[in-house]
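**Student:** have a look at this prediction, sequence included:
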Amino acid sequence: MASKDPRLLYLDDQGNDQYQISEPVIEAQEEINALAVVPQVELKVYSSKWDKPTRVIAFIDTGVASSLINPVVLPENQWVLHFKDFNTASNAILTTTVITNHSVKIEFFPGLKYRTKLLGSDVPGKDLIIGFDIYRQLRDQLQIKANGIAFTKQFRPYSEIPRLFQITNDEQIKEIEQNLIEHSCAESHKDFMKKEKCPLWKNEEFFYQTPC
């Protein structure tokens, strides 16, 4: 459900505008606001196959090129540094700085789940944004209707709640970035070796013993 009000444009490696991230346009009149339906639905996100699912409100917009998730939804150790630039409607540059270090699983319905890496961003103030990248993979199975989403005989109505997680402030994101830099980045291989007190190459559980 692409919006008519572009919020962000993705810049490719050559700096060319490629895609847009948008928000729904809702008229100011009180009568129309009462009837407006926003394509947002409660889903489950699994950070790993061992963890319990996290409930989120997903905003569905096929005008978005890349799906995004609020960094506070997932544990801090799920993130790695990753920089991607976006151009805002005011011609400013917004940069997302983190991405999940492995694919997370999004459950739309029992029997319909999708695994992917997600960029971390609080723009535009949602728990999770389902963009065209995910919809393109599921369009033969996932039906986006006027009042909800459907899969086979299952139906999930749109939610009136815009999000379940508190707004991420700049300090929270900076703290995640700083911890990643301190524990994962080094100027040399020698410095990197000092980062971890118990590296894998010293953990006997990962040793392979050849048969005699």
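**Tutor:** Sure thing, it's come through. Residues are numbered from 1 along each chain as shown.
**Student:** all the helices of the chain, in order from the start?
**Tutor:** Assigned helices in the chain, in chain order: 30-35, 132-138, 170-184, 189-193 (criterion: DSSP state H).
**Student:** count the residues that sit near the nearest residue to residue 145 once chain neighbours are set aside.
**Tutor:** Spatial nearest neighbour of residue 145, excluding adjacent residues (CB to CB, 6 or more residues apart in numbering): residue 155 at 8.0 Å. Bear in mind the C-beta positions are built from the backbone N, C-alpha and C, glycine included. If you count neighbours by other CB atoms under 10 Å, residue 155 ends up with 13.
**Student:** over to residue 58?
**Tutor:** By the criterion of other CB under 10 Å, residue 58 has 25 neighbours.
**Student:** you'd agree it is up against residue 134?
**Tutor:** No. Assessed by CB atoms under 8 Å, residue 58 is found out of contact with residue 134, at 9.6 Å.
**Student:** between the two, what contacts are shared?
**Tutor:** Here residue 58 and residue 134 have residue 106 as joint contacts, going by CB atoms under 8 Å, 6 or more residues apart in numbering.
**Student:** my read: residue 76 touches residue 176, true?
**Tutor:** Yes. Applying CB under 8 Å, one finds residue 76 in contact with residue 176, separated by 5.7 Å.
**Student:** tell me which of these two has more neighbours.
**Tutor:** residue 176 (21 against 13).
**Student:** enumerate every residue touching that one.
**Tutor:** Contact analysis of residue 176 by CB under 8 Å, 6+ apart lists 71, 76, 79, 98, 120.
**Student:** tell me which two in the residues you listed are the farthest apart.
**Tutor:** Distance extremes for the contacts of residue 176: the farthest pair is 76 and 120 at 10.6 Å, using CB to CB.
**Student:** buried subset of the contacts of residue 176 as a PyMOL selection?
**Tutor:** With 16 or more other CB atoms under 10 Å as the burial test, the buried ones among the contacts of residue 176 are selected in PyMOL as follows:
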select buried, resi 71+79+98+120
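**Student:** wait, which of the contacts of residue 176 is closest to residue 62?
**Tutor:** The closest of the contacts of residue 176, once distances to residue 62 are taken by CB to CB, is residue 120, at 20.8 Å.
**Student:** tell me the bridge partners for the closest residue to residue 113 other than its chain neighbours.
**Tutor:** Nearest residue to residue 113 in three dimensions, chain neighbours excluded: residue 107, at 4.8 Å (CB to CB, 6+ apart). Judged by DSSP bridges, the bridge partners of residue 107 are residue 44, residue 113.
**Student:** for the chain, what helix or strand is lowest in average pLDDT?
**Tutor:** helix 30-35 (a mean of 43; mean pLDDT, DSSP states H and E).
**Student:** ok, the strand ranked longest in the chain: who's next to it in the sheet?
**Tutor:** The single longest strand within the chain, with elements called by DSSP state E, is strand 79-88. Using DSSP bridges, strand 79-88 pairs in its sheet with strand 5-11 (antiparallel), strand 93-100 (antiparallel).
**Student:** pull up the distance across stretch 120-128, start to finish.
**Tutor:** 9 Å (CA to CA, to the nearest Å).
**Student:** show me the shaky parts of the protein.
**Tutor:** Along the chain, the model assigns pLDDT under 70 to residues 1-36, 87-89, 123-125, 166-174, 177, 183-212.
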